[in-house]
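Chemist: Next one to model:
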Amino acid sequence: MFPLPLDHWWRALRFLLLYYNVPPPPGSLVESIKMFTERFADRLEDADYKGLVQIRWQIGGLHFSQTQQVFSRIQAKDAFIQGVRGIRYLGKGTYIDCALANMTQEMTRLPSDPRALRFAVVITDGHVTGNPCGGVKVTAERARDEGIRMFVVAATKNVDETGLREIANSPANVYRKDFLAVDLSGNKPVIQLDTMDRIIQTMTHLAYQEVRLRTTTSLLPYCCSIPEDISLYIHTIYPKYADTNSNEWIRLFQPHPLLTGV
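Modeler: Numbering: from 1, shown residues only. Next comes the predicted model:
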């Protein structure tokens with residue numbers, strides 16, 4: 001015999017299902033970050049910025065946990081998106097330092113214009129389970145030494161902020177700020193479109209500023225590391241910048257990374 005009528009038990013169970021904060025199943029965050037990354041890539045439109053900078057995008061990506069899997073070499077965004085959709089949950093730990101090292105290698109392995117601007121977007125919660133590749137601080141500095149400017153996006157609101165800021169370039173109010181990939185505070189994940197738009201606008205504006213300083217330059221974007229441990233890198237803004245002193249257009253290269261690791 002139940003001490004309470006069955007309908008009372010059912011109401012109590014419904015209350016628990018609706019209001020108790022049950023952790024999501026393994027891999028669910030990866031699916032949300034995949035959606036964020038796909039939408040980010042889809043928003044990378046070729047553009048003529050203020051009549052001076054003509055930008056063309058190409059993208060690559062890396063998925064990582066304790067290991068790294070390049071799911072897309074630098075290529076057109078449609079092919080990159082197909083690679084994103086094929087990502088599967090890896091599990092195990094998170095080696096952000098190895099992901100950054102791999103990202104840097106991917107971004108620098110192909111010849112590029114020495115004047116190219118290189119951007120990376122790293123999506124992660126900042127938590128690590130090991131540092132077999134020298135540590136986050138060391139590998140982040142190596143990336144910066146290669147001219148890679150790294151934006152950092154928090155995978156969710158549960159982050160190690162110190163770890164995120166070790167990755168991000170300075171100033172933090174430009175490259176880290178309050179960038180968030182997915183809001184999990186409600187009943188369903190909410191992809192943060194504003195984060196994508198602000199980063200893309202910032203990269204475009206930085207390219208424009210560079211053109212004002214140097215008649216010609218180039219952009220290289222790299223993309224991402226996804227929580228649970230996916231590292232995606234939108235590797236490339238292949239832009240063309242206008243030479244203001246002539247009618248000649250000069251092809252420019254630049255990688256940009258989006259990295260995420262949870």
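Chemist: Report the helix or strand with the lowest average pLDDT across this protein.
Modeler: In the chain, no helix or strand scores lower on mean pLDDT, DSSP states H and E than strand 249-251, which sits at a mean of 28.
Chemist: and residue 71, what is it in contact with?
Modeler: 61-63, 83-84, 86-87, 232 (Cβ atoms under 8 Å, 6 or more residues apart in numbering). In short, each C-beta sits where N, CA and C put it, glycine included.
Chemist: Residue 132 now?
Modeler: Counting by Cβ under 8 Å, 6+ apart, residue 132 has contacts 95, 97-98.
Chemist: just for the stretch 151-262 of the chain, where's the confidence low?
Modeler: The stretch 151-262 of the chain contains residues with pLDDT under 70 at 211-262.
Chemist: Okay, strands next: where are they in it?
Modeler: For the stretch 151-262 of the chain, the strands defined by DSSP state E, counting those that start in this stretch cover 182-183, 190-191, 218-222, 225-226, 230-232, 237-242, 249-251, 258-259.
Chemist: For this structure, which helix extends over the most residues?
Modeler: When the chain is parsed with DSSP state H, its longest helix is helix 193-213.
Chemist: Just to check, residue 35 is in contact with residue 191?
Modeler: Yes - using Cβ atoms under 8 Å, residue 35 is in contact with residue 191, at 5.6 Å.
Chemist: still on that earlier bit, now, of the contacts of residue 71, which are buried?
Modeler: Buried members of the contacts of residue 71, scored by 16 or more other Cβ atoms under 10 Å, are 61-63, 83-84, 87, 232.
Chemist: before we move on, back to that, make CSV out of the contacts of residue 132 and add pLDDT.
Modeler: What follows is the contacts of residue 132, written out as CSV (pLDDT from 0 to 100):
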residue, pLDDT
95, 92
97, 94
98, 94
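Chemist: okay, residue 35 and residue 191: which has more neighbours?
Modeler: residue 191 (19 against 16; other Cβ atoms under 10 Å).
Chemist: How about that one, nearest residue that isn't a chain neighbour?
Modeler: Spatial nearest neighbour of residue 191, chain neighbours left out: residue 36 (5.2 Å); criterion: Cβ to Cβ, 6 or more residues apart in numbering.
Chemist: Next, count neighbours for the one you found.
Modeler: For residue 36, the neighbour count with other Cβ under 10 Å is 28.
Chemist: which element is it on?
Modeler: Per DSSP states H and E, residue 36 falls inside helix 28-42.
Chemist: and if you look at residue 118?
Modeler: With DSSP H and E as the test, residue 118 turns up in strand 116-124.
Chemist: Give me the next element, helix or strand, following that strand.
Modeler: helix 136-145.
Chemist: quick one: the nearest residue to residue 192 once chain neighbours are set aside from residue 130, how far?
Modeler: Excluding the flanking residues, the one nearest residue 192 by Cβ to Cβ, 6+ apart is residue 180, at 5.0 Å. For residue 180, the distance to residue 130 (Cβ to Cβ, to the nearest Å) stands at 26 Å.
Chemist: Tell me which of those two has more neighbours.
Modeler: More crowded of residue 180 and residue 130, by other Cβ under 10 Å: residue 180, with 20 against 13.
Chemist: how close does the more buried one get to residue 186?
Modeler: Counting by Cβ to Cβ, the gap from residue 180 to residue 186 is 13 Å.
Chemist: do residue 130 as well
Modeler: Distance of residue 130 to residue 186, given as Cβ to Cβ: 33 Å.
Chemist: And for residue 161?
Modeler: Here the criterion is Cβ to Cβ. By it, residue 161 lies 22 Å from residue 186.
Chemist: Show me which of the two is the more surrounded one.
Modeler: Ranked by neighbour count (other Cβ under 10 Å), residue 161 and residue 186 place residue 161 first, with 13 against 7.
Chemist: could you say what helices and strands the helix or strand hosting residue 81 packs with?
Modeler: If you go by DSSP H and E, residue 81 is part of helix 77-85. When contacts are defined as 3 or more Cβ pairs under 8 Å, 6 or more residues apart in numbering; DSSP states H and E, helix 77-85 packs onto helix 28-42, strand 59-64, strand 68-75.
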